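Colleague: compute the structure for the input listed below.
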Amino acid sequence: MKRYYLTLLCLAILSLMTSCGGKGKNSGNGFPENFGSIGDSGRVAYMMKNTTPDSVARFICASALGRVEGSRIDTLALATAYAYENYKGEELEAFGAEYERFVSALSLADRMKIYALGGTEDPQGLGLQLGLEYMQTIRDNNMSAEDVEKELSEFKKACAGDPDTYERFLIGFKTVLKADNGRDMPKEIYDKFINYD
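Modeller: Predicted coordinates:
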């Protein structure tokens, strides 16, 4: 379900960019011809002039993940910093809120990529942080035990080259499961994942 929404968001971004197309634009994708050579800051500046802050947030994340045709973000931290430094007031708030919302709606594997690309998380603590945050994702998306198991299976595959991150994720996730047991967590989630491998 989350992938469906992510696909819709990417299509909306591409549609918006295509509608900005015109003379001197790259064939069909709405970007200027020099878009590939103007660097991350230049790409973000172009988007800031041509669309809304929430769309810029989605553009940066989707481009960093390689999901926007004709665009790329080479250094996520630089692109994000440029937006934070150049937006003010309500635009800055809108950008920040959408950036956080977009990242939190990503699958665990994609969120891990964004955190790693952004360099905001200590690589040793990345899995633990994801695990500690995951219960909120379950609540926000009203996930069933089956949904969680499917996502954890995909996340484990994404961590095949880095099993320590997956192990740290489980430590964080189980810590929250123990702390929240008996409160607002569905019993099926606790029972299924408290001893999950």
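Colleague: tell me the buried residues in the helix or strand where residue 169 lies?
Modeller: In this structure, residue 169 sits in helix 163-180 according to DSSP states H and E. Buried residues in helix 163-180, counted by 16 or more other Cβ atoms under 10 Å: 165-166, 168-170, 172-174, 176-177. Heads up, the C-betas are built off the backbone N, CA and C, glycines and all.
Colleague: need the residues you listed in JSON lines with pLDDT, can you?
Modeller: Shown next, in JSON lines, are these (pLDDT from 0 to 100):
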{"residue": "165", "pLDDT": "93"}
{"residue": "166", "pLDDT": "94"}
{"residue": "168", "pLDDT": "95"}
{"residue": "169", "pLDDT": "95"}
{"residue": "170", "pLDDT": "95"}
{"residue": "172", "pLDDT": "95"}
{"residue": "173", "pLDDT": "95"}
{"residue": "174", "pLDDT": "94"}
{"residue": "176", "pLDDT": "93"}
{"residue": "177", "pLDDT": "93"}
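Colleague: thinking again about what came up before, helices or strands up against the helix holding residue 169?
Modeller: helix 126-140, helix 145-158, helix 187-193 (3 or more Cβ pairs under 8 Å, 6 or more residues apart in numbering; DSSP states H and E).
Colleague: repeat the analysis, applying 10 Å as the threshold.
Modeller: helix 108-118, helix 126-140, helix 145-158, helix 187-193 (3 or more Cβ pairs under 10 Å, 6 or more residues apart in numbering; DSSP states H and E).
Colleague: before we move on, the earlier item: out of the buried residues of helix 163-180, which comes closest to residue 153?
Modeller: Distance to residue 153, by Cβ to Cβ, is smallest for residue 166 among the buried residues of helix 163-180, at 10.9 Å.
Colleague: now do the contacts for the residue nearest to the spatial centre of the chain.
Modeller: In the chain, the residue lying closest to the centroid (Cα atoms, centre = their mean) is residue 103, at 2.9 Å. Contacts of residue 103 were listed using Cβ atoms under 10 Å, 6 or more residues apart in numbering, and they are 57, 61, 110-111, 114-115, 118.
Colleague: before we move on, back to that, just the C-alpha atoms of the helix holding residue 169, please, in CSV.
Modeller: Output in CSV follows, covering the C-alpha atoms of helix 163-180 (Å, rounded to 0.1, in the frame of the first residue of the first chain):
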residue,chain,number,x,y,z
PRO,A,163,23.4,-8.4,8.7
ASP,A,164,24.5,-6.3,11.7
THR,A,165,22.0,-3.5,10.7
TYR,A,166,19.2,-6.0,10.6
GLU,A,167,20.2,-7.4,14.0
ARG,A,168,20.3,-3.9,15.5
PHE,A,169,16.9,-3.2,13.9
LEU,A,170,15.4,-6.2,15.7
ILE,A,171,17.0,-5.1,19.0
GLY,A,172,15.4,-1.6,18.7
PHE,A,173,12.0,-3.1,17.5
LYS,A,174,11.8,-5.6,20.3
THR,A,175,12.7,-2.9,22.9
VAL,A,176,9.7,-0.9,21.8
LEU,A,177,7.5,-4.0,21.8
LYS,A,178,8.4,-4.7,25.4
ALA,A,179,7.9,-1.1,26.5
ASP,A,180,4.5,-0.9,24.7
